[in-house]
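Q: what shape does this take:
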Amino acid sequence: MSPLIASALYALVIVGLFWLDRDQKARTSVALWIPLIWLALACSRTAGQWLLRGNAVERPDLLLDGSPFDRLVYTSLIVVGLVVLLSRRKQTGRFLQTNWPILLFLSYCAVSLLWSDYADVAFKRWIKAIGDLVMVLIVVTDRDPSAAVKRLLSRLAFVLIPVSILFIKYYPELGTAYSPWGGPVMYTGVTLNKNSLGATCLLLGLGSLWCFLEAFEDKEAKGRSRRLIAQAVTLAMVVWLLWTANSMTSISCFLMASILILVANLRTVTRRPAIIHLLIGAMLTVSASIVFLGASPGALKALGRNPTLTDRTEVWGVLFSLVKDPLLGTGFESFWLGKRLERLWSLYWWHPNEAHNGYIEIYLNLGWIGLILLAVVLVMGYRKIVAAYRLNLPLSRLALAYFLVALTYNFTEAAWFRIVHPVWIFALFSIVGVSAISSHKLRSSVPIKHEPLPSEVMQPASSLGAI
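A: Sure, this is the predicted structure:
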């Protein structure tokens, strides 16, 4: 089949998915397109990478300049997003107050610019980190946050997933890549490396699974069969892409998070949230034991990885030696710059540009204080998600899955508070979003109080209790 005909067929598939999943009752604001564009770039490539079709950084000093075009795009989205939030200042202020740990962490990141040896670069990256929060707030302050989340996930999945398959099968110059150091072909889809494709499939796949289960449970809904077909097709494509990309971190996280969603949907578990605590605890314990304690080297080999996680554990010791102030770190997003990066690239032929561990990455940039503040964010965030789950809010099940993904994904990849990183953005959704959905449900469920009639006021208490 020629690429042109394939493109036409895949375009029909995308249109068909949107048609099947249509919901005329859902009312979301036009502003939802702002976070949609932001997340589409986060889950694929930056605007500059789409235009220039490149990503290789050959010299460490090139990281200091960045892309002026990307800066313009992100800044424009942030400015427009802030205008939207100003028009929703009451809801925005309420959610910011209830999510003070995140604000505290971002404030510490801003203070850390004072001891960063590349403060100008770190400041630009901090602005993007603020942009992540802005986009999340736009979604959760929508007129119907639950519908906004569903529409956002569906729009992203219905486009990025089919286009990734199209690129891999019919446009290999766009959907595949080779390592500069040799090796087999990597399947990248709409992203630029297999790990990024895996993360995109992981997050959007969980969203499709959640939407499928929501449609399956709502047996009275109009168009239920259509939505089930659309989400099932998308989920099948996600599974194929995960298998093809062979990103084992994403595959492992997808399996664990899918099990968590399925278990959390059981009515018996809803009445006993302790089961969720035990399940998440068991998954984290097993994952951490394999990765950090070497409890099962055979498990890593079975997943196609050597016991050192492709040399990641060996480089961690060198990284620790480069941190001059363990308490404060090197400054927000400042470690992998300048002389430190030059030294690491001289030691390792594969040119590392991250610690491949989100917790170590926080330590390198923000020190022990950063790790403590991260712990506060995680503890408070988990408490909010569990509280929403106790209220039997459907979104809380997806939030639990995204939260678990963030915890385990950061064992072998760096995603905590990483600018425009999809895993972090979706974790942020899980923490901030559940509080928005909870408050929206409580507001909509509060009965209207009527003033008592004069005759009712004069009745004795016993008769009032019988009404």
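
Q: how about low-confidence regions in the chain?
A: Across the chain, the ranges flagged by pLDDT under 70 are 53-66, 179-183, 294-313, 435-467.

Q: what segments of it are strands?
A: Under the criterion DSSP state E, the chain contains strands at 176-177, 186-187.

Q: strand partners (parallel or antiparallel) of the first one?
A: The sheet places strand 176-177 alongside strand 186-187 (antiparallel), with pairing taken from DSSP bridges.

Q: distance between the strand it pairs with and the chain's centre?
A: 22 Å (Cα atoms, centre = their mean, to the nearest Å).

Q: what lies in contact with that strand?
A: Contact with strand 186-187 is made by 168, 175-179, 193-194, 197, 241, 244-246, as judged by Cβ atoms under 8 Å, 6 or more residues apart in numbering. No exception for glycine: its C-beta is placed from N, CA and C like everyone else's.

Q: turn those residues into a markdown table, including neighbour count and distance to Tyr382.
A: Shown next, in a markdown table, are these (neighbours: other Cβ atoms under 10 Å; distance: Cβ to Cβ, whole Å):
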| residue | neighbour count | distance to Tyr382 |
| --- | --- | --- |
| Ile168 | 22 | 36 |
| Gly175 | 21 | 37 |
| Thr176 | 16 | 39 |
| Ala177 | 18 | 37 |
| Tyr178 | 10 | 41 |
| Ser179 | 11 | 37 |
| Asn193 | 16 | 30 |
| Lys194 | 21 | 30 |
| Leu197 | 30 | 28 |
| Leu241 | 26 | 29 |
| Thr244 | 18 | 33 |
| Ala245 | 26 | 29 |
| Asn246 | 16 | 31 |
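
Q: okay, and which of those map to helices?
A: If you go by DSSP state H, the contacts of strand 186-187 have Ile168, Gly175, Lys194, Leu197, Leu241, Thr244, Ala245 in helices.

Q: ok, those residues vs Ser430, which is closest?
A: Leu197 (21.6 Å; Cβ to Cβ).

Q: for that closest one, give its distance to Trp240.
A: Per Cβ to Cβ, to the nearest Å, Leu197 is found 12 Å from Trp240.

Q: repeat that for Ser7.
A: 19 Å.

Q: need the residues that contact stretch 159-178.
A: Here stretch 159-178 has contacts from 1, 3, 6-7, 10, 13-14, 17, 40, 43-44, 53, 185-193, 197, 200-201, 204, 234, 237-238, 240-241, 244, using Cβ under 8 Å, 6+ apart.

Q: buried residues, it. List them.
A: Neighbour-count burial for stretch 159-178 flags 159-170, 174-177 (criterion: 16 or more other Cβ atoms under 10 Å).

Q: what's the closest of the ones in helices among the contacts of strand 186-187 to Ile34?
A: Taking the ones in helices among the contacts of strand 186-187 together and measuring to Ile34 by Cβ to Cβ, the closest member is Leu197, at 24.4 Å.

Q: list the contacts for that closest one?
A: Contacts of Leu197 (Cβ under 8 Å, 6+ apart): Ser164, Tyr187, Thr188, Gly189, Val190, Thr191, Leu241, Ala245, Ser247.

Q: how many neighbours does the fifth one have?
A: Other residues near Val190 come to 24 when the count uses other Cβ atoms under 10 Å.

Q: what's near enough to touch it?
A: Cys43, Ser44, Arg45, Leu160, Val163, Ser164, Phe167, Gly175, Leu197, Thr200.

Q: quick one, phi/psi of the spatially closest residue to it that is not a sequence neighbour?
A: Using Cβ to Cβ, 6 or more residues apart in numbering and skipping the chain neighbours, the partner closest in space to Val190 is Ser44 (4.0 Å). Main-chain dihedrals, Ser44, degrees, to the nearest 10: phi -130, psi -100.

Q: was I right about Ser44 contacting Ala199?
A: No: judged on Cβ atoms under 8 Å, Ser44 makes no contact with Ala199 at a distance of 10.9 Å.

Q: between these two, who's got more neighbours?
A: Ala199 (27 against 23).

Q: that one contacts Arg418, correct?
A: No: using Cβ under 8 Å as the test, Ala199 is too far from Arg418 to be in contact (11.1 Å).

Q: mutual contacts of the two, please.
A: By Cβ under 8 Å, 6+ apart, no residue touches both Ala199 and Arg418.

Q: before we move on, the earlier item: which one of the ones in helices among the contacts of strand 186-187 is nearest Ile259?
A: Once Cβ to Cβ is applied, the member of the ones in helices among the contacts of strand 186-187 that ends up nearest Ile259 is Leu241, at 19.7 Å.

Q: quick one: residues contacting that closest one.
A: With Cβ under 8 Å, 6+ apart, Leu241 has these contacts: Ile161, Ser164, Ile165, Ile168, Tyr187, Gly189, Leu197, Cys201.
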